[in-house]
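> no sequence on this one, just coordinates:
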C-alpha cells in the first residue's frame, strides 16, 4: 500500500497538472509569389506536388516504435496507456486503469533520428505485488494460495528500439532488452509439481 501511495502523486501530475496540447491540424503550403506563378504554369505538374499540397504537422504513432511524442502532446486509448511528450525526444507513459492494480511507469528516450532510422531506449519501473495479492484468495479466482508470503516486488524492463521506414508510411521496429526483478522481505511461493509421465498408469 505504501508503494502505491508513493506513486499516486506522480500519476496525478501526469493526468492533471501537465498542459494539454491538441493535435496540430494539417496546414496548406503558402501560396507562391505572383512572379513565380507564371513560371510554374509552363512547368509540367507532378503527382508528388499534388500529394504534397498538404503537409501534416503531426508525427507517427509512437507505441511500440522508437518514435516519441512531440512536447506537450498526449495520447490515450481505451485500453492503452496514457502517453505524454515531455519534450520532442522524451516520452512518459502510464496506464490509467491498471495503475493502481499493477503500478508501472515507462520513459522512452529518443537517441537518434536521421533519414529513415530512429533509435531510442525504453526504461520501465513496475510493482506487480498488488496484482499478485488480488489473485491470492480462496475459492474461485484464487491462483496463489493464501498461506503464501508475497513480498514487495520491483521490476525494471530495459530496451533498445530501432525503427526503420522500410516504405513510405510503413515502419519496421526491432528491439532488444532484458528484465530484472527483485523483492524486499521474505518470500514463500508454492510450486505445482506435475507427475512424471512414466509413473502415470
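Alright, I've got the coordinates. In this text, all values refer to a predicted model and were calculated from it rather than measured experimentally.
> Out of the helices and strands in the chain, which is least certain?
strand 54-55 (a mean of 35; mean pLDDT, DSSP states H and E).
> which strands and helices sit next to the next helix or strand after it?
Sequence order places strand 74-75 as the next helix or strand after strand 54-55, per DSSP states H and E. Identification of packing neighbours for strand 74-75 by 3 or more C-beta pairs under 8 Å, 6 or more residues apart in numbering; DSSP states H and E yields strand 82-87. C-beta coordinates here come from the backbone N, C-alpha and C atoms, glycine included.
> quick check: mean pLDDT across the strand it packs on?
The average pLDDT within strand 82-87 is 92.
> could you point out which element follows it?
Moving toward the C-terminus from strand 82-87, the next helix or strand (DSSP H and E) is strand 90-94.
> what does that following strand rub up against?
Under the contact criterion C-beta atoms under 8 Å, 6 or more residues apart in numbering, strand 90-94 has outside partners 10-11, 14, 62, 68-69, 81-86, 104-110.
> filter those residues to the buried ones?
Among those, the ones that count as buried by 16 or more other C-beta atoms under 10 Å are 11, 14, 62, 68-69, 81-86, 104-106, 108-110.
> Show me the shaky parts of the protein.
Low-confidence segments of the chain (pLDDT under 70): 1-60, 191-201.
> how about the helices in it?
Using DSSP state H, the helices of the chain run over 2-12, 34-42, 47-51, 129-134.
> mind listing what's buried in stretch 85-98?
So, applying 16+ other C-beta under 10 Å, buried residues of stretch 85-98: 85, 86, 89, 90, 91, 92, 93, 94, 95.
> tell me the two of those that are most distant?
Greatest spatial distance in the buried residues of stretch 85-98: 89 and 95, 22.5 Å, computed using C-beta to C-beta.
> I'd like to check which residues are in contact with residue 176.
Applying C-beta under 8 Å, 6+ apart, the residues near residue 176 are 159, 160.
> What residues are bridge-paired with it?
Legend: beta-bridge partners of residue 176 under DSSP bridges are residue 160.
> gap between residue 134 and residue 122?
With distances taken as C-beta to C-beta, to the nearest Å, residue 134 is found 26 Å from residue 122.
> So if I had to pick from those two, which one is more boxed in?
residue 122 (19 against 14; other C-beta atoms under 10 Å).
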